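# heads up, no residue letters with this:
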(Lines give C-alpha, C1' and ligand atoms only; values in the text may rest on other atoms or scores of the structure.)
Protein backbone atom coordinates (compact mmCIF):
# COMPACT_ATOMS: atom_id res chain seq x y z
CA UNK A 1 0.00 0.00 0.00
CA UNK A 2 0.96 3.64 -0.49
CA UNK A 3 0.10 6.21 2.18
CA UNK A 4 0.19 10.01 2.21
CA UNK A 5 -0.55 12.25 5.19
CA UNK A 6 -0.35 16.05 5.39
CA UNK A 7 -1.60 18.34 8.10
CA UNK A 8 -1.40 21.87 9.45
CA UNK A 9 -2.33 23.48 12.76
CA UNK A 10 -2.79 26.99 14.12
CA UNK A 11 -3.08 27.97 17.78
CA UNK A 12 -4.32 31.24 19.25
CA UNK A 13 -4.07 32.50 22.84
CA UNK A 14 -7.43 34.22 23.28
CA UNK A 15 -6.98 35.08 26.96
CA UNK A 16 -4.72 33.95 29.84
CA UNK A 17 -6.80 30.79 30.35
CA UNK A 18 -8.41 30.41 26.91
CA UNK A 19 -6.96 29.21 23.62
CA UNK A 20 -8.19 28.03 20.22
CA UNK A 21 -6.72 25.34 18.01
CA UNK A 22 -7.47 24.78 14.31
CA UNK A 23 -6.27 21.60 12.60
CA UNK A 24 -6.61 20.55 8.97
CA UNK A 25 -5.50 17.11 7.73
CA UNK A 26 -5.59 15.07 4.53
CA UNK A 27 -4.62 11.44 4.08
CA UNK A 28 -4.68 9.09 1.12
CA UNK A 29 -4.24 5.33 1.10
CA UNK A 30 -3.91 3.38 -2.13
CA UNK A 31 -3.92 -0.39 -1.82
CA UNK A 32 -3.82 -3.15 -4.42
CA UNK A 33 -4.66 -6.53 -2.98
CA UNK A 34 -5.44 -10.12 -3.81
CA UNK A 35 -7.47 -12.21 -1.36
CA UNK A 36 -8.57 -15.82 -1.27
CA UNK A 37 -12.10 -16.54 -0.02
CA UNK A 38 -13.13 -19.97 1.19
CA UNK A 39 -16.92 -20.33 1.30
CA UNK A 40 -17.61 -23.08 3.84
CA UNK A 41 -20.39 -25.40 2.66
CA UNK A 42 -20.75 -28.03 5.40
CA UNK A 43 -19.42 -29.20 8.77
CA UNK A 44 -17.12 -31.73 7.07
CA UNK A 45 -14.89 -28.94 5.78
CA UNK A 46 -16.00 -28.70 2.12
CA UNK A 47 -15.64 -25.20 0.74
CA UNK A 48 -15.74 -23.17 -2.46
CA UNK A 49 -12.38 -21.61 -3.36
CA UNK A 50 -12.53 -18.08 -4.78
CA UNK A 51 -10.18 -15.13 -5.22
CA UNK A 52 -10.92 -11.42 -5.24
CA UNK A 53 -8.48 -8.80 -6.54
CA UNK A 54 -9.01 -5.08 -6.49
CA UNK A 55 -7.58 -1.60 -6.15
CA UNK A 56 -8.98 0.56 -3.35
CA UNK A 57 -8.20 4.22 -2.76
CA UNK A 58 -9.27 6.07 0.40
CA UNK A 59 -9.18 9.86 0.73
CA UNK A 60 -9.84 11.35 4.16
CA UNK A 61 -10.16 15.07 4.93
CA UNK A 62 -10.76 16.55 8.37
CA UNK A 63 -11.07 20.04 9.86
CA UNK A 64 -11.44 20.68 13.59
CA UNK A 65 -11.74 23.86 15.59
CA UNK A 66 -11.30 23.40 19.34
CA UNK A 67 -11.59 26.09 22.01
CA UNK A 68 -10.36 25.30 25.55
CA UNK A 69 -10.65 27.43 28.65
CA UNK A 70 -11.11 27.63 32.41
CA UNK A 71 -13.97 29.27 34.28
CA UNK A 72 -14.86 29.42 37.98
CA UNK A 73 -18.57 29.04 38.73
CA UNK A 74 -19.99 28.83 42.26
CA UNK A 75 -16.53 28.16 43.66
CA UNK A 76 -15.82 25.22 41.33
CA UNK A 77 -13.35 25.18 38.47
CA UNK A 78 -14.71 24.22 35.03
CA UNK A 79 -12.40 23.17 32.20
CA UNK A 80 -14.46 23.73 29.08
CA UNK A 81 -13.89 22.37 25.60
CA UNK A 82 -16.13 23.26 22.69
CA UNK A 83 -15.70 22.95 19.00
CA UNK A 84 -16.76 21.78 15.58
CA UNK A 85 -15.50 19.10 13.21
CA UNK A 86 -15.96 18.27 9.55
CA UNK A 87 -14.85 14.83 8.34
CA UNK A 88 -15.18 13.65 4.76
CA UNK A 89 -14.21 10.17 3.56
CA UNK A 90 -14.22 8.90 -0.05
CA UNK A 91 -13.55 5.43 -1.41
CA UNK A 92 -12.66 4.66 -5.03
CA UNK A 93 -12.37 1.13 -6.42
CA UNK A 94 -10.72 -0.43 -9.46
CA UNK A 95 -12.67 -2.09 -12.26
CA UNK A 96 -11.89 -5.64 -11.07
CA UNK A 97 -13.87 -5.01 -7.89
CA UNK A 98 -16.94 -5.35 -10.13
CA UNK A 99 -15.63 -7.05 -13.24
CA UNK A 100 -14.85 -9.92 -12.88
CA UNK A 101 -15.30 -9.58 -9.08
CA UNK A 102 -14.99 -12.99 -7.44
CA UNK A 103 -13.24 -15.71 -9.49
CA UNK A 104 -14.17 -19.32 -8.74
CA UNK A 105 -11.38 -21.92 -8.46
CA UNK A 106 -13.52 -24.94 -7.65
CA UNK A 107 -14.28 -26.87 -4.47
CA UNK A 108 -11.86 -28.21 -1.87
CA UNK A 109 -11.73 -29.49 1.71
CA UNK A 110 -10.13 -27.91 4.78
CA UNK A 111 -8.72 -31.28 5.87
CA UNK A 112 -7.12 -32.22 2.54
CA UNK A 113 -3.95 -30.52 1.36
CA UNK A 114 -4.32 -29.32 -2.24
CA UNK A 115 -1.94 -27.21 -4.29
CA UNK A 116 -3.37 -23.90 -5.48
CA UNK A 117 -2.28 -21.69 -8.35
CA UNK A 118 -3.92 -18.76 -10.08
CA UNK A 119 -3.26 -16.02 -12.63
CA UNK A 120 -3.20 -12.59 -10.97
CA UNK A 121 -4.97 -9.52 -12.33
CA UNK A 122 -2.96 -6.32 -12.91
CA UNK A 123 -5.13 -3.94 -10.88
CA UNK A 124 -2.97 -0.84 -10.46
CA UNK A 125 -3.49 0.58 -13.98
CA UNK A 126 -7.16 -0.28 -14.44
CA UNK A 127 -10.08 2.17 -14.58
CA UNK A 128 -11.27 3.60 -11.26
CA UNK A 129 -14.82 4.24 -10.07
CA UNK A 130 -16.12 6.30 -7.12
CA UNK A 131 -17.81 3.93 -4.68
CA UNK A 132 -18.58 5.25 -1.22
CA UNK A 133 -18.74 8.73 0.26
CA UNK A 134 -19.63 9.94 3.76
CA UNK A 135 -19.51 13.22 5.63
CA UNK A 136 -19.83 13.99 9.32
CA UNK A 137 -20.46 17.51 10.61
CA UNK A 138 -20.41 17.78 14.39
CA UNK A 139 -20.68 20.31 17.20
CA UNK A 140 -19.53 19.31 20.67
CA UNK A 141 -19.06 20.67 24.16
CA UNK A 142 -17.47 19.12 27.26
CA UNK A 143 -17.13 20.35 30.84
CA UNK A 144 -14.66 18.89 33.36
CA UNK A 145 -15.73 20.04 36.82
CA UNK A 146 -13.35 20.06 39.80
CA UNK A 147 -15.82 19.14 42.54
CA UNK A 148 -13.21 18.81 45.31
CA UNK A 149 -9.40 18.52 45.32
CA UNK A 150 -9.76 14.79 44.58
CA UNK A 151 -13.10 14.43 42.76
CA UNK A 152 -13.90 15.44 39.18
CA UNK A 153 -16.91 15.03 36.90
CA UNK A 154 -17.13 15.20 33.12
CA UNK A 155 -20.24 15.94 31.11
CA UNK A 156 -20.29 16.30 27.36
CA UNK A 157 -22.60 16.14 24.37
CA UNK A 158 -22.00 15.82 20.64
CA UNK A 159 -24.44 16.61 17.85
CA UNK A 160 -23.61 14.93 14.52
CA UNK A 161 -25.14 15.31 11.09
CA UNK A 162 -24.19 12.22 9.10
CA UNK A 163 -24.52 11.72 5.34
CA UNK A 164 -23.51 8.69 3.29
CA UNK A 165 -23.88 7.69 -0.34
CA UNK A 166 -23.12 4.45 -2.17
CA UNK A 167 -22.81 4.07 -5.95
CA UNK A 168 -23.82 0.75 -7.54
CA UNK A 169 -22.58 -0.29 -10.97
CA UNK A 170 -23.90 -2.85 -13.44
CA UNK A 171 -21.26 -3.70 -16.05
CA UNK A 172 -22.04 -5.08 -19.50
CA UNK A 173 -18.34 -4.68 -20.34
CA UNK A 174 -15.33 -2.75 -19.08
CA UNK A 175 -16.55 0.38 -20.91
CA UNK A 176 -20.33 -0.09 -20.83
CA UNK A 177 -22.16 0.20 -17.52
CA UNK A 178 -25.03 1.80 -15.66
CA UNK A 179 -24.92 3.21 -12.15
CA UNK A 180 -27.29 4.06 -9.34
CA UNK A 181 -26.56 6.09 -6.21
CA UNK A 182 -28.17 5.44 -2.82
CA UNK A 183 -28.02 7.98 0.02
CA UNK A 184 -28.92 8.21 3.70
CA UNK A 185 -28.90 11.11 6.15
CA UNK A 186 -29.35 11.17 9.89
CA UNK A 187 -28.85 13.45 12.91
CA UNK A 188 -27.65 11.99 16.21
CA UNK A 189 -26.99 13.44 19.67
CA UNK A 190 -24.58 11.40 21.82
CA UNK A 191 -23.63 12.08 25.47
CA UNK A 192 -20.53 11.39 27.56
CA UNK A 193 -20.61 11.22 31.37
CA UNK A 194 -17.83 10.34 33.81
CA UNK A 195 -16.82 10.70 37.43
CA UNK A 196 -13.19 10.42 38.59
CA UNK A 197 -11.42 10.13 41.94
CA UNK A 198 -7.72 11.06 42.10
CA UNK A 199 -6.11 10.15 45.44
CA UNK A 200 -2.76 11.19 43.91
CA UNK A 201 -1.83 13.16 40.83
CA UNK A 202 -0.77 10.04 38.91
CA UNK A 203 -3.66 7.77 40.02
CA UNK A 204 -7.26 7.81 38.81
CA UNK A 205 -10.30 5.68 39.64
CA UNK A 206 -13.21 6.34 37.27
CA UNK A 207 -16.63 5.33 36.00
CA UNK A 208 -18.00 6.44 32.65
CA UNK A 209 -20.87 6.14 30.19
CA UNK A 210 -20.72 7.19 26.55
CA UNK A 211 -22.52 6.80 23.26
CA UNK A 212 -21.00 6.94 19.77
CA UNK A 213 -22.32 7.06 16.23
CA UNK A 214 -21.14 4.14 14.07
CA UNK A 215 -21.40 4.53 10.27
CA UNK A 216 -23.71 2.31 8.29
CA UNK A 217 -22.42 -0.39 5.96
CA UNK A 218 -23.12 -1.52 2.40
CA UNK A 219 -24.31 -5.09 1.79
CA UNK A 220 -21.74 -7.22 -0.02
CA UNK A 221 -22.08 -9.02 -3.35
CA UNK A 222 -22.49 -12.48 -1.76
CA UNK A 223 -25.91 -11.61 -0.27
CA UNK A 224 -29.37 -11.51 -1.82
CA UNK A 225 -29.80 -7.79 -1.04
CA UNK A 226 -26.43 -6.79 -2.53
CA UNK A 227 -25.83 -3.04 -2.58
CA UNK A 228 -28.35 -2.08 0.10
CA UNK A 229 -27.13 0.80 2.27
CA UNK A 230 -27.77 0.21 5.97
CA UNK A 231 -28.48 2.94 8.51
CA UNK A 232 -25.88 4.08 11.07
CA UNK A 233 -26.05 2.70 14.61
CA UNK A 234 -25.42 4.20 18.04
CA UNK A 235 -23.28 2.15 20.40
CA UNK A 236 -23.37 2.45 24.20
CA UNK A 237 -20.44 1.83 26.54
CA UNK A 238 -20.19 1.55 30.33
CA UNK A 239 -16.78 1.36 32.01
CA UNK A 240 -15.23 1.43 35.48
CA UNK A 241 -11.51 1.36 35.94
CA UNK A 242 -8.20 2.30 37.54
CA UNK A 243 -5.15 4.01 35.99
CA UNK A 244 -1.71 4.79 37.39
CA UNK A 245 0.79 6.77 35.33
CA UNK A 246 4.13 7.23 37.07
CA UNK A 247 7.62 7.18 35.61
CA UNK A 248 8.45 3.71 36.96
CA UNK A 249 5.04 2.02 36.68
CA UNK A 250 2.18 2.55 34.27
CA UNK A 251 -0.86 0.36 34.87
CA UNK A 252 -4.53 0.25 33.98
CA UNK A 253 -7.44 -2.12 34.43
CA UNK A 254 -11.09 -1.67 33.56
CA UNK A 255 -14.35 -3.57 33.45
CA UNK A 256 -16.49 -2.68 30.44
CA UNK A 257 -19.76 -3.38 28.68
CA UNK A 258 -20.47 -2.32 25.09
CA UNK A 259 -23.81 -2.71 23.32
CA UNK A 260 -23.71 -2.37 19.54
CA UNK A 261 -26.22 -2.73 16.77
CA UNK A 262 -25.52 -5.97 14.94
CA UNK A 263 -25.77 -7.26 11.39
CA UNK A 264 -25.67 -10.80 9.98
CA UNK A 265 -26.88 -13.03 7.14
CA UNK A 266 -30.25 -14.58 8.00
CA UNK A 267 -31.63 -17.98 6.95
CA UNK A 268 -32.42 -16.64 3.45
CA UNK A 269 -28.91 -15.19 2.93
CA UNK A 270 -30.24 -11.67 3.33
CA UNK A 271 -27.86 -9.36 5.19
CA UNK A 272 -29.95 -7.72 7.90
CA UNK A 273 -29.28 -5.17 10.58
CA UNK A 274 -31.28 -6.27 13.58
CA UNK A 275 -30.73 -6.68 17.29
CA UNK A 276 -27.87 -5.94 19.69
CA UNK A 277 -24.56 -7.63 20.34
CA UNK A 278 -23.05 -7.22 23.81
CA UNK A 279 -19.36 -7.29 24.73
CA UNK A 280 -18.29 -7.28 28.36
CA UNK A 281 -15.15 -8.22 30.22
CA UNK A 282 -11.85 -6.92 31.59
CA UNK A 283 -9.07 -4.98 29.87
CA UNK A 284 -5.70 -4.35 31.52
CA UNK A 285 -2.09 -3.33 30.96
CA UNK A 286 1.14 -3.01 32.97
CA UNK A 287 4.43 -1.35 31.96
CA UNK A 288 7.54 -1.33 34.15
CA UNK A 289 10.66 0.78 33.64
CA UNK A 290 13.70 -1.21 34.77
CA UNK A 291 16.43 1.39 34.83
CA UNK A 292 17.02 4.10 32.26
CA UNK A 293 17.15 1.89 29.16
CA UNK A 294 14.82 -1.08 29.61
CA UNK A 295 11.04 -1.21 29.71
CA UNK A 296 8.88 -4.33 29.82
CA UNK A 297 5.14 -4.72 29.86
CA UNK A 298 2.04 -6.55 28.84
CA UNK A 299 -1.66 -6.25 28.25
CA UNK A 300 -4.70 -8.54 28.20
CA UNK A 301 -8.39 -8.69 27.31
CA UNK A 302 -10.78 -11.18 28.90
CA UNK A 303 -14.23 -11.35 27.32
CA UNK A 304 -16.85 -12.72 29.67
CA UNK A 305 -19.51 -12.15 27.00
CA UNK A 306 -19.53 -11.33 23.30
CA UNK A 307 -22.99 -12.52 22.38
CA UNK A 308 -26.00 -11.69 20.26
CA UNK A 309 -28.25 -10.26 22.95
CA UNK A 310 -31.29 -10.26 20.69
CA UNK A 311 -31.84 -10.94 17.04
CA UNK A 312 -34.54 -11.57 14.45
CA UNK A 313 -32.86 -14.98 13.99
CA UNK A 314 -33.73 -17.03 17.07
CA UNK A 315 -30.81 -19.42 16.49
CA UNK A 316 -28.28 -16.58 16.93
CA UNK A 317 -29.50 -15.42 20.35
CA UNK A 318 -26.71 -15.94 22.95
CA UNK A 319 -24.37 -17.27 20.25
CA UNK A 320 -20.90 -15.73 20.12
CA UNK A 321 -20.36 -12.79 17.78
CA UNK A 322 -17.86 -13.57 14.99
CA UNK A 323 -14.44 -12.24 15.92
CA UNK A 324 -14.94 -12.87 19.63
CA UNK A 325 -12.50 -14.82 21.78
CA UNK A 326 -12.18 -15.58 25.46
CA UNK A 327 -8.63 -14.28 25.97
CA UNK A 328 -6.03 -12.21 24.16
CA UNK A 329 -2.83 -10.62 25.37
CA UNK A 330 0.66 -9.43 24.59
CA UNK A 331 4.09 -9.08 26.20
CA UNK A 332 6.78 -6.67 25.06
CA UNK A 333 10.29 -5.46 25.88
CA UNK A 334 11.91 -2.21 24.68
CA UNK A 335 15.62 -1.48 25.03
CA UNK A 336 17.35 1.84 24.31
CA UNK A 337 21.04 1.51 23.44
CA UNK A 338 22.89 3.85 25.85
CA UNK A 339 25.95 4.19 23.60
CA UNK A 340 23.91 5.37 20.57
CA UNK A 341 21.37 8.08 21.31
CA UNK A 342 18.08 7.52 19.51
CA UNK A 343 18.57 3.79 18.79
CA UNK A 344 16.21 1.25 20.37
CA UNK A 345 15.11 -2.36 19.86
CA UNK A 346 11.75 -3.98 20.61
CA UNK A 347 10.35 -7.50 20.84
CA UNK A 348 6.74 -8.55 21.24
CA UNK A 349 4.66 -11.69 21.66
CA UNK A 350 0.92 -11.56 20.76
CA UNK A 351 -1.60 -14.21 21.80
CA UNK A 352 -5.15 -14.59 20.46
CA UNK A 353 -7.39 -17.28 21.91
CA UNK A 354 -9.77 -19.58 20.07
CA UNK A 355 -12.02 -17.30 18.01
CA UNK A 356 -15.53 -17.66 16.67
CA UNK A 357 -15.02 -17.09 12.97
CA UNK A 358 -18.28 -17.96 11.30
CA UNK A 359 -21.99 -18.16 12.14
CA UNK A 360 -24.18 -19.65 9.42
CA UNK A 361 -27.86 -19.28 10.24
CA UNK A 362 -29.01 -21.25 7.19
CA UNK A 363 -27.00 -24.34 8.17
CA UNK A 364 -27.04 -23.71 11.97
CA UNK A 365 -23.26 -23.95 11.84
CA UNK A 366 -20.54 -22.37 14.00
CA UNK A 367 -16.86 -22.51 13.03
CA UNK A 368 -13.97 -21.55 15.34
CA UNK A 369 -10.33 -20.80 14.56
CA UNK A 370 -7.58 -22.16 16.86
CA UNK A 371 -5.59 -19.95 19.21
CA UNK A 372 -2.19 -18.72 18.06
CA UNK A 373 0.85 -16.75 19.27
CA UNK A 374 2.93 -14.47 17.04
CA UNK A 375 6.35 -12.91 17.67
CA UNK A 376 7.60 -9.59 16.29
CA UNK A 377 10.95 -7.77 16.45
CA UNK A 378 11.84 -4.24 15.36
CA UNK A 379 14.42 -1.49 15.57
CA UNK A 380 13.98 2.30 15.66
CA UNK A 381 16.41 5.17 15.22
CA UNK A 382 15.50 8.82 15.81
CA UNK A 383 17.55 11.93 14.96
CA UNK A 384 17.18 15.62 14.19
CA UNK A 385 17.81 16.72 10.60
CA UNK A 386 17.67 20.44 9.97
CA UNK A 387 15.67 20.91 13.16
CA UNK A 388 13.09 18.28 12.19
CA UNK A 389 12.62 14.88 13.81
CA UNK A 390 13.28 11.92 11.53
CA UNK A 391 12.40 8.37 12.60
CA UNK A 392 13.66 5.22 10.86
CA UNK A 393 11.91 1.92 11.58
CA UNK A 394 12.52 -1.64 10.42
CA UNK A 395 11.38 -5.02 11.66
CA UNK A 396 9.83 -8.41 11.15
CA UNK A 397 6.26 -9.36 12.04
CA UNK A 398 5.39 -13.04 12.57
CA UNK A 399 9.07 -13.81 13.03
CA UNK A 400 8.68 -17.61 12.94
CA UNK A 401 6.31 -17.57 9.93
CA UNK A 402 3.43 -19.22 11.79
CA UNK A 403 0.41 -20.33 9.76
CA UNK A 404 -2.84 -19.31 11.43
CA UNK A 405 -6.46 -18.45 10.75
CA UNK A 406 -8.14 -15.13 11.57
CA UNK A 407 -11.82 -15.11 12.45
CA UNK A 408 -13.69 -11.86 12.59
CA UNK A 409 -16.43 -11.59 10.02
CA UNK A 410 -19.98 -12.87 10.15
CA UNK A 411 -19.32 -14.98 7.06
CA UNK A 412 -15.54 -15.08 6.53
CA UNK A 413 -12.32 -16.32 8.06
CA UNK A 414 -8.89 -15.48 6.68
CA UNK A 415 -5.39 -16.90 6.59
CA UNK A 416 -3.17 -14.64 8.66
CA UNK A 417 -0.22 -12.74 7.24
CA UNK A 418 3.00 -14.73 6.81
CA UNK A 419 6.39 -13.50 7.97
CA UNK A 420 6.49 -9.85 6.92
CA UNK A 421 9.45 -7.49 6.66
CA UNK A 422 8.88 -3.75 6.91
CA UNK A 423 10.84 -0.49 6.85
CA UNK A 424 9.73 3.13 7.04
CA UNK A 425 11.00 6.67 7.41
CA UNK A 426 8.90 9.37 9.10
CA UNK A 427 9.79 13.05 8.72
CA UNK A 428 8.10 15.57 11.03
CA UNK A 429 7.68 19.05 9.52
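Perfect, thanks for sending it. Note that the structure is predicted; figures quoted are calculated from it, not measured.
# Number of residues surrounding residue 53?
21 (other Cβ atoms under 10 Å). Quick note: C-beta positions are derived from backbone N, CA and C, even for glycine.
# again with residue 150
12.
# Next: residue 95.
20.
# Relative to residue 121, how far out is it?
9 Å (Cβ to Cβ, to the nearest Å).
# again, but for residue 157
In terms of Cβ to Cβ, residue 157 sits 48 Å off from residue 121.
# The closest residue to residue 71 other than its chain neighbours pairs with what?
Spatial nearest neighbour of residue 71, excluding adjacent residues (Cβ to Cβ, 6 or more residues apart in numbering): residue 78 at 4.8 Å. Beta-bridge partners of residue 78, counted by DSSP bridges, are residue 71, residue 145.
# what's the pLDDT at residue 410?
The score at residue 410 is 62. That number is its pLDDT.
# Then residue 331?
What the model reports for residue 331 is a pLDDT of 98.
# One more: the one 4 residues further on?
pLDDT, residue 335: 97.
# Quickly find the element holding it.
Assigned by DSSP states H and E, residue 335 belongs to strand 327-336.
# Helix or strand next in line after that strand, which one?
strand 343-352.
# Name the residues that touch the next helix or strand after that next one?
Following strand 343-352 in sequence order, the next helix or strand is strand 355-360 (DSSP H and E). With Cβ atoms under 8 Å, 6 or more residues apart in numbering as the test, strand 355-360 has contacts from 40, 264-265, 306, 316, 319-325, 365-369, 371, 405-413.
# mind listing what the residue nearest to the spatial centre of the chain touches?
In the chain, the residue lying closest to the centroid (Cα atoms, centre = their mean) is residue 214, at 11.6 Å. Taking Cβ under 8 Å, 6+ apart, we find residue 214 in contact with 232-235, 260-261.
# So in terms of bridging, what pairs with it?
Counting by DSSP bridges, residue 214 forms beta bridges with residue 233.
# Find the nearest non-adjacent residue to residue 249, please.
For residue 249, ignoring the flanking residues on the chain, the nearest one in space by Cβ to Cβ, 6+ apart is residue 288 at 6.0 Å.
# Flag the shaky bits of this protein, pLDDT-wise.
By pLDDT under 70, the low-scoring segments of the chain are 358, 408-412.
# Could you rerun that using 80?
Across the chain, the ranges flagged by pLDDT under 80 are 1, 35-40, 43, 116-118, 220-222, 227, 357-365, 407-414, 428-429.
# hang on, residue 139 packs against residue 158?
Yes: with contact defined as Cβ atoms under 8 Å, residue 139 and residue 158 form a contacting pair (7.3 Å).
# between these two, which one's more packed in?
Shown here are residue 139 and residue 158; by other Cβ under 10 Å, residue 158 has more neighbours (20 against 14).
# so who does that one touch?
Here residue 158 is in contact with 138-140, 189-192 (Cβ under 8 Å, 6+ apart).
# Around the residue nearest to residue 249, how many other residues sit close by?
The number of residues packed near residue 288 is 13, by other Cβ under 10 Å.
# re earlier: could you report the distance from the residue nearest to residue 71 to residue 152?
From residue 78 across to residue 152, the span is 11 Å (Cβ to Cβ).
# Please apply the same query to residue 395.
According to Cβ to Cβ, residue 395 stands 40 Å off from residue 152.
# still on that earlier bit, show me which of the contacts of strand 355-360 are buried.
Buried members of these, scored by 16 or more other Cβ atoms under 10 Å, are 40, 264-265, 306, 316, 319-325, 367-369, 405-408, 410-413.
# can you count the residues close to residue 10?
The tally of other residues near residue 10 (other Cβ under 10 Å) stands at 10.
# again with residue 328
Residues near residue 328, counting by other Cβ under 10 Å: 17.
# Among the contacts of residue 158, which one lies nearest to residue 164?
Checking the contacts of residue 158 against residue 164 by Cβ to Cβ gives residue 138 as the nearest, at 14.7 Å.
# Make sure that closest one is actually in contact with residue 84.
Yes: counting by Cβ under 8 Å, residue 138 does reach residue 84; the two are 6.7 Å apart.
# and the two? which has more neighbours close in?
The neighbour comparison of residue 138 against residue 84 (other Cβ under 10 Å) goes to residue 138, with 18 against 14.
# What helix or strand is the more buried one located in?
Under the criterion of DSSP H and E, residue 138 resides in strand 128-146.
# quick one: buried residues of the helix or strand following that strand?
Later in the chain than strand 128-146, the nearest helix or strand by DSSP H and E is strand 151-171. By neighbour count on 16+ other Cβ under 10 Å, the buried set for strand 151-171 is 152, 154, 156, 158, 160, 162, 164-169, 171.
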